[in-house]
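Asker: coords below, sequence missing:
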C-alpha cells in the first residue's frame with residue numbers, strides 16, 4: 001500500500017470507528033490494517049484464507065464472523081501480499097452479504113490496474129447501488145504510475161465520512177505538496193500507454209518468478225493474478241538446521257538467515273498474518289529476479 005493511501009486509510013478508520021467496533025480483515029493482509037483499526041479504538045477480526053482457494057475469503061466466512069459490533073470489512077483486491085484477484089462471482093457473493101449485514105466495505109484498490117492473464121478486476125461498488133452506497137474506495141498513484149514517495153492517495157465514499165476524514169487530515173498530515181498534486185493530475189489525465197507497458201513487463205517477470213520458485217524443491221507457489229508480488233509457501237524449510245548449526249524456528253528467523261547467509265531479502269509471511277509464507281516482489285529487472293530466486297534456491301538447498 002502506498003504512503004498516501006495509508007494516510008487516507010488511517011484517517012478513514014479514525015473517522016469511522018467508535019471504541020469496540022469490529023472490522024473484518026481477511027488474512028493474509030497488508031501489515032498496517034489491524035494496527036490502524038486498533039489505533040482507532042476498534043477490534044480487528046481476522047478471517048483466515050487458504051492458498052488452495054487463492055487466498056479469497058468466502059461470503060459464508062464473512063456472514064459467520066459478523067456480530068452486532070461489526071462495522072466494516074476491508075477488501076484488498078488485487079491483494080498485497082498474495083497477488084490474488086477476486087472473481088466476479090466471489091465479489092457478487094460478498095456484496096450480497098454486505099447488504100444483508102449492513103456492512104461498510106473499505107475497498108483498497110491500489111493495485112487495480114495491475115491485473116494479468118485472464119483475471120479481471122471487479123469493483124464491489126459496481127455490483128449495485130445498494131453496495132455502492134456502502135463502499136469506500138481507497139486508491140493512489142504510487143503503484144500504477146510508479147510514483148512511490150509522492151504521497152498521493154485518494155478516497156471516494158459517502159460525503160459525511162469524506163468530510164470527517166478531511167478534518168482529521170487537516171489536523172494531522174496537513175496536505176500533499178503542490179508539485180505532487182500537479183504530477184498526479186498529469187498521471188491520471190495524460191496518456192496511459194506507460195501503464196500498459198509496465199503491466200506487460202510485470203506480467204513477463206511474474207511468470208518467470210513463479211516458474212523459478214516452483215522449480216525449488218518443496219516450495220509451493222500459487223500464480224499471482226495481480227499486483228507485483230509472489231507469495232510462496234516455504235513452510236517445509238521452517239524448523240530446519242542451517243549449515244552453521246542454528247535451528248530456524250519460524251519464518252522470521254528463516255528470512256533473517258536468508259539475508260545474512262543467502263544474500264537475498266524476502267519478507268516473512270507472519271507479518272501479513274500468514275506464517276510459513278514469504279513475499280517476493282517482481283517490480284525489478286528480470287536479471288535481478290533470476291539472480292535473487294537463484295540465491296534463494298541455493299540457500300534453501302543447504303538446510304537440513
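Answerer: Noted; the coordinates are in hand. In this text, all values refer to a predicted model and were calculated from it rather than measured experimentally.
Asker: Pop the domain breakdown of the chain in here.
Answerer: 3-189, 194-300 (automatic domain parsing).
Asker: Can you tell me which of these has the worst average pLDDT?
Answerer: Between the domains of the chain, the lowest average pLDDT goes to domain 3-189, which shows a mean of 94.
Asker: Report the central residue of the chain.
Answerer: residue 80 (2.0 Å; CA atoms, centre = their mean).
Asker: thought that one was touching residue 229?
Answerer: Yes. Residue 80 lies in contact with residue 229 (CB atoms under 8 Å); the separation is 6.2 Å. Every C-beta, even on glycine, is put in place using the N, C-alpha and C of the backbone.
Asker: How about the contacts made by residue 266?
Answerer: 255, 258, 278-280, 296 (CB atoms under 8 Å, 6 or more residues apart in numbering).
Asker: Excluding chain neighbours, give the residue nearest to it in space.
Answerer: residue 278 (4.2 Å; CB to CB, 6 or more residues apart in numbering).
Asker: What ranges does the stretch 101-250 of the chain have for its helices?
Answerer: Assigned by DSSP state H, counting those that start in this stretch, the stretch 101-250 of the chain shows helices spanning 129-132, 159-170, 178-189, 193-214.
Asker: can you list those helices in CSV and add distance to residue 29?
Answerer: Shown next, in CSV, are the helices of the stretch 101-250 of the chain (distance: least, CB to CB, whole Å):
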stretch, distance to residue 29
helix 129-132, 21
helix 159-170, 21
helix 178-189, 26
helix 193-214, 21
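Asker: Contact partners for residue 225?
Answerer: 54, 78, 83-85, 115-117, 119.
Asker: Now flag whichever of those is closest to residue 274.
Answerer: residue 84 (11.6 Å; CB to CB).
Asker: Identify the residues contacting the closest one.
Answerer: 54-56, 77-78, 222, 224-226.
Asker: Tell me the most packed of these, by neighbour count.
Answerer: residue 224 (29 neighbours; other CB atoms under 10 Å).
Asker: out of the helices of the stretch 101-250 of the chain, nearest to residue 34?
Answerer: That would be helix 159-170 among the helices of the stretch 101-250 of the chain, by CB to CB, at 19.5 Å.
Asker: And that closest one, what does it pack against?
Answerer: helix 3-16, strand 153-156 (3 or more CB pairs under 8 Å, 6 or more residues apart in numbering; DSSP states H and E).
Asker: would you turn those into JSON lines with distance to residue 171?
Answerer: Below are the helices and strands packed on helix 159-170 laid out as JSON lines (distance: least, CB to CB, whole Å):
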{"stretch": "helix 3-16", "distance to residue 171": "10"}
{"stretch": "strand 153-156", "distance to residue 171": "17"}
